[in-house]
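Enquirer: model this:
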Amino acid sequence: MVAPHIRGRGAATNAAGRFEQFDTIPCDDGWDIDEDLPPLRTDVRGEVARSLITYNRSPDLPFDRSINPYRGCEHGCVYCFARPTHAYLGLSPGLDFETRLIARPNAADILRKELSAKGYNVAPIALGTNTDPYQPIEKTRAITRGCLSVLQEFNHPIAIVTKGALVERDLDILAPMAQQGLVRVGISLTTLDADLSRRMEPRAPSPLRRLAMIRRLTEAGVPVRVMTSPIVPGLTDHELEHLLEAGREAGADAASWIMLRLPREVSALWQEWLKDHEPTRAEKIMSKLREMHGGRDYDPRWGHRMRGEGEYAGLIAKRFALAVKRLGLVTRTPPLRCDLFARPAQIGDQLSLL
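Expert: Reported below is the predicted structural model:
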């Protein structure tokens, strides 16, 4: 049973992060008085960013750099693999991750500075790899839009991953960039079951709304990948073909899949969610996950962490391959253009006479 004050949230608890020495545990104060806790509100604080582009050397990722305008994500997806990053801020990967958010208002200025550096070598930037750039607070903060404007100024290639319908607001930037081969958007579609989506991803747009996003983007000329991620064994795996069909019908031309990942604190949060929402399936789901990870809830090895291994993982891979072939979807898309990149003239620059 979900407590009234945390309805509409993905996590049910707020245990301290792994770096904290102490934890806070709610308990009865002994007074025989019925009290309702106030609803859990979203708190947004600002952070002055000193750098924005994050580089990685992960061999199983298709990009080597990314930007994230926000820390934490109000969508509240209980399964989010990025939840453990909140522990680095001294906050909980649980409810804090979706209620105590960090905005980076100077992100666009820092991005412009980094792209203007003489030693910068252009390559596609991934946006939305850790937290959703189009979560609800973007409506008033517009930090993502500011970053997109900078990228457009530089003709810089960008790959976006989102569940947020606010991406449609920025079609005035995305559509012209798409015409130049500078942008691609991935829309995460986890399930077509609206009730299940509401419980797993409480503040994200509904499945039908996400399909409408795909349609709107593709009609504007923006290429879209339907991302069937994460696949939850024993809960959403039976929907794989239907998800791909729905994405293709909405206009997506590419597809991908990732298995449910439970790094660090996410495993406990996910199992709490199963206990509250899917108690009869919990044992089967966890058994399948452990089967793919050598008996562990999660194995972080590169090349293994996103797919797992074994008979079940192989079956999902075969089903996916057959479905994308039948539907005419691709898994590899043409590379985004890097040859158009150009630094806009800055005050004090020596202008060309030609």
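Enquirer: CA only for contacts and neighbour counts going forward, please
Expert: Will do.
Enquirer: neighbouring strands for the biggest strand by length in the chain, and are they parallel or not?
Expert: Longest strand in the chain, counting residues (DSSP state E): strand 224-231. Under the criterion DSSP bridges, strand 224-231 sits next to strand 183-188 (parallel), strand 254-259 (parallel) in its sheet.
Enquirer: just say which of the ones you listed is most tucked in.
Expert: strand 183-188 (a mean of 24; mean count of other Cα atoms under 10 Å).
Enquirer: contacts made by that one with the rest, please.
Expert: If you take Cα atoms under 8 Å, 6 or more residues apart in numbering as the criterion, strand 183-188 is touched by 157-163, 174, 177-178, 210, 214, 222-229, 336.
Enquirer: what's the average pLDDT for the helix or strand following that strand?
Expert: Going down the chain from strand 183-188, the next helix or strand is helix 194-200, by DSSP states H and E. For helix 194-200, mean pLDDT is 97.
Enquirer: which elements pack onto helix 194-200?
Expert: When contacts are defined as 3 or more Cα pairs under 8 Å, 6 or more residues apart in numbering; DSSP states H and E, helix 194-200 packs onto no helix or strand at all.
Enquirer: wait, isn't Glu114 in contact with Tyr120?
Expert: Yes. If you go by Cα atoms under 8 Å, Glu114 and Tyr120 touch, sitting 7.3 Å apart.
Enquirer: so who does the closest residue to Asp237 other than its chain neighbours touch?
Expert: Computed as Cα to Cα, 6 or more residues apart in numbering, the closest residue to Asp237 that is not its neighbour in sequence is Ile231, at 5.6 Å. Ile231 makes contacts with 190, 237, 240, 257-260, as judged by Cα under 8 Å, 6+ apart.
Enquirer: cutoff 10 Å now
Expert: 189-191, 237-240, 257-261, 307, 316 (Cα atoms under 10 Å, 6 or more residues apart in numbering).
Enquirer: and those residues as CSV, adding distance to Gln271 and pLDDT?
Expert: CSV is the format used below for the contacts of Ile231 (distance: Cα to Cα, whole Å; pLDDT from 0 to 100):
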residue, distance to Gln271, pLDDT
Leu189, 22, 97
Thr190, 18, 97
Thr191, 19, 98
Asp237, 18, 97
His238, 20, 97
Glu239, 21, 98
Leu240, 22, 98
Trp257, 22, 97
Ile258, 19, 96
Met259, 16, 97
Leu260, 12, 97
Arg261, 12, 96
Arg307, 20, 93
Ile316, 22, 97
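Enquirer: report the buried members of these.
Expert: 189-191, 237, 239-240, 257-261, 307, 316 (16 or more other Cα atoms under 10 Å).
Enquirer: closest one of these to Gly251?
Expert: Lowest distance from Gly251 to the buried ones among the contacts of Ile231 (Cα to Cα) belongs to Leu189, with 13.6 Å.
Enquirer: and that closest one, how far from Ala323?
Expert: In this view, Leu189 and Ala323 are 16 Å apart by Cα to Cα, to the nearest Å.
Enquirer: before we move on, the earlier item: which of Glu114 and Tyr120 has more neighbours?
Expert: Of the pair Glu114 and Tyr120, Glu114 is the one with more neighbours under other Cα atoms under 10 Å, namely 15 against 9.
Enquirer: packing partners for the helix or strand harbouring the more buried one?
Expert: If you go by DSSP H and E, Glu114 is part of helix 107-116. Packing contacts for helix 107-116, counted by 3 or more Cα pairs under 10 Å, 6 or more residues apart in numbering; DSSP states H and E, involve helix 143-153.
Enquirer: how about the helix it packs on, which residues are buried there?
Expert: Of the residues in helix 143-153, those buried (16+ other Cα under 10 Å) are 143-152.
Enquirer: what pairs with whichever helix or strand comes after that helix, parallel or antiparallel?
Expert: In the C-terminal direction, the helix or strand that comes right after helix 143-153 (DSSP H and E) is strand 158-162. Strand pairing for strand 158-162, using DSSP bridges, gives strand 125-127 (parallel), strand 183-188 (parallel).
Enquirer: any chance of TSV for the ones you listed, columns distance to Pro105 and mean pLDDT?
Expert: Shown next, in TSV, are these (distance: least, Cα to Cα, whole Å; pLDDT from 0 to 100):
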stretch	distance to Pro105	mean pLDDT
strand 125-127	16	97
strand 183-188	23	98
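Enquirer: distance to Thr13 added to the ones you listed, as a markdown table?
Expert: Output for those, formatted as a markdown table (distance: least, Cα to Cα, whole Å):
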| stretch | distance to Thr13 |
| --- | --- |
| strand 125-127 | 29 |
| strand 183-188 | 25 |
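Enquirer: which stretches of the stretch 251-354 of the chain aren't confidently modelled?
Expert: Judged by pLDDT under 70, the stretch 251-354 of the chain has its weakly predicted residues at 347-354.
Enquirer: what about the helices in it?
Expert: Assigned by DSSP state H, counting those that start in this stretch, the helices in the stretch 251-354 of the chain fall at 266-277, 282-292, 311-327.
Enquirer: and those: which comes nearest Ala82?
Expert: Nearest of these (Cα to Cα): helix 266-277, 8.6 Å.
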